[in-house]
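# Can you look at this prediction? I've put the sequence above it.
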Amino acid sequence: MTQVLGVVTLVNDLTKIWVILNHYIFSVGRIVEYTDVSPEADEVTCSPPKSWPSEGNMTFSSVAMRYSADKSFVFKNLNLAIKSSEKIGIVGRTGSGKSSLISTIFRLYHFEGQIFIDGIDTKTIPLNTLRSRIAIIPQDPILFMGTLRQNLDPFHDYQDWQLWSALEDVGLKEIVSSLPSGLESENPEGGRNFSVGQRQLLCLVRAILRNAKILILDEATASVDLETDEMIQRTVRKKFKGSTVLTIAHRISTILDSDKILMMDSEDGIKFDKTEEFLRDSNRYFGKFFSGSTTLRR
């Protein structure tokens with residue numbers, strides 16, 4: 001009986017080792033897969049100045065996008081003119097192309113047509129330059145292992161007072177001050193020591209530090225409570241008053257302060273107009289995208 005019990009323990013240990021081995025083999029497979037990925041095409045013909053973009057004007061000229069040649073277009077023949085400092089709300093059904101539109105701005109996928117930022121075609125700009133000059137707050141906030149300072153200022157471009165000032169703007173100064181080492185506190189993978197709302201606010205701190213002329217919020221408030229949502233919107237209005245802001249929204253209240261609204265709908269096409277025009281017939285425009293009351297007041 002003693003030997004039988006020993007065999008059971010041995011089988012349990014072997015099973016654990018086998019599971020761990022499968023996990024490590026999968027990780028190696030992923031690494032090998034990434035080594036075979038072809039680098040992104042980057043045909044550079046223009047080197048914009050360090051101050052670019054200085055105004056934040058954006059022009060979409062006959063832009064069409066699809067994820068592969070054998071699939072239908074997510075959207076096509078998109079023509080928009082967004083002026084400097086305008087606040088644009090983007091709404092639409094799931095799959096209408098809202099996030100795909102953002103992907104074209106960062107050139108994550110190939111697209112037809114042209115996108116101009118301050119008069120420069122984004123296809124002619126180095127990818128590193130393009131993506132580093134536009135700030136984005138994604139729906140899923142990302143924090144890396146390391147200190148909090150490294151997450152907020154990975155390239156050591158800012159001084160302590162700037163970091164603390166940005167943290168105060170989003171209401172996190174007291175929370176960070178209470179940490180054992182403050183800005184030097186170690187951050188576990190994924191930022192598990194912060195709530196989802198706090199991680200989202202830390203992503204907003206990054207954008208505040210960069211003072212970007214173009215800010216994109218890709219459903220940044222979809223997973224946070226109303227209080228955090230209001231904090232983010234209030235901070236964006238205050239700190240990015242002179243910047244062009246594109247907001248993909250899932251709450252009506254998030255886009256009511258926008259200057260214009262871009263409505264993407266596969267059935268009715270694309271409509272881009274002033275917010276007041278949409279509010280005149282809110283039930284028609286917003287009722288099919290948002291649940292709950294559609295009687296809006298600004």
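The structure has been received and is ready for your questions.
# need the strands for the stretch 101-250 of the chain, in chain order.
111-117, 120-121, 135-137, 146-147, 186-187, 214-218, 244-248 (DSSP state E, counting those that start in this stretch).
# ranking the ones you listed by mean pLDDT, which is last?
Ranked by mean pLDDT, the strands of the stretch 101-250 of the chain end with strand 186-187 at the bottom, a mean of 83.
# Val11 and Gln3: what is the separation?
13 Å (C-beta to C-beta, to the nearest Å). Using the backbone N, CA and C atoms, a C-beta is placed for each residue, glycine as well.
# more neighbours, the two?
Taking other C-beta atoms under 10 Å, Val11 and Gln3 do not tie; Val11 has more neighbours (10 against 6).
# I'd like to know how many residues surround Lys241.
Lys241 has 10 nearby residues by other C-beta under 10 Å.
# I'd like to know how far it sits from Asp218.
Applying C-beta to C-beta to Lys241 and Asp218 gives a distance of 21 Å.
# again, but for Gly89
For Gly89, the distance to Asp218 - C-beta to C-beta - is 13 Å.
# which of the two has more neighbours?
Gly89 (23 against 19).
# The more buried one is in contact with His250, isn't it?
No - counting by C-beta atoms under 8 Å, Gly89 does not reach His250; the two are 11.0 Å apart.
# Show me the beta-bridge partners of Ile248.
For Ile248, the beta-bridge partners under DSSP bridges are Ile90, Asp218.
# Looks like it contacts Ser96 (just checking).
No - assessed by C-beta under 8 Å, Ile248 is found out of contact with Ser96, at 10.5 Å.
# neighbour count winner among the two?
Per other C-beta under 10 Å, whichever of Ile248 and Ser96 has more neighbours is Ile248, with 25 against 20.
# list the contacts for that one?
90-91, 98-99, 102, 216-219 (C-beta atoms under 8 Å, 6 or more residues apart in numbering).
# now the helices for the chain?
Taking DSSP state H as the criterion, the chain carries its helices at 2-35, 98-105, 127-132, 148-152, 160-169, 173-177, 196-210, 226-239, 252-255, 275-279, 282-286.
# Can you mark which positions in the shortest one are buried?
In this case it means helix 252-255. Neighbour-count burial for helix 252-255, counted by 16 or more other C-beta atoms under 10 Å, picks out 252, 254-255.
# before we move on, what about the fifth one?
By neighbour count, with 16+ other C-beta under 10 Å as the criterion, the buried positions of helix 160-169 are 163-164, 166-167, 169.
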